[in-house]
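# Following is a predicted model, sequence given first.
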Amino acid sequence: MSRRFWPYALAALLLLMVGYDLGLSRASARPPLRSEHSQPAVNVPGRMVAVTAEGKTFHDASCKYIHGPVEMMTAQEAIRRGYTPCVRCMRESLKR
């Protein structure tokens, strides 16, 4: 192999390693979702939302699909904990 090959190979390897490291750091920056089948919120509502300890989604306080004891928190906190919007009462959070 020629001497010109090695600097290019080394540069390509370095780029791959940096890209891999950036990908790992970005993947860990997002909170893990409580359900792998849920869509994360696109728009964060500016109001309080209802969650349950066993649930995977956050709801409007008047949603009829909440089951169990309810805990109220900000939508930002619910997203940070991995909850996703209810597709029935929080549709505005899913719209792009």
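That came in fine, so what should we check first? Just so it is clear, the structure is predicted and the values come from calculations on it, not from any experiment. Numbers count the residues shown, from 1 in each chain.

# which element is Ser35 on?
Assignment of secondary structure by DSSP states H and E places Ser35 within no helix or strand.

# Number of residues surrounding it?
12 (other C-beta atoms under 10 Å). Heads up, the C-betas are built off the backbone N, CA and C, glycines and all.

# In this structure it contacts Thr84, no?
Yes. In this structure Ser35 lies within contact range of Thr84 using C-beta atoms under 8 Å: 6.6 Å.

# what residues do the two have in common as contacts?
Common contacts of Ser35 and Thr84, defined by C-beta atoms under 8 Å, 6 or more residues apart in numbering, comprise 56-57.

# Sketch out the low-pLDDT regions of this protein for me.
1, 23-31 (pLDDT under 70).

# rerun that using 80 as the cut-off
1-3, 18-32, 35-39, 96 (pLDDT under 80).

# Do you have the helices of this protein handy? List them.
Under the criterion DSSP state H, the chain carries helices at the ranges 5-29, 75-80.

# Make TSV out of these and add distance to Ile66.
Putting the helices of the chain into TSV (distance: least, C-beta to C-beta, whole Å) gives the following:
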stretch	distance to Ile66
helix 5-29	29
helix 75-80	13
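
# For Arg96, which of those is the nearest?
helix 75-80 (16.0 Å; C-beta to C-beta).

# how far does the closest one sit from the chain's center?
10 Å (C-alpha atoms, centre = their mean, to the nearest Å).
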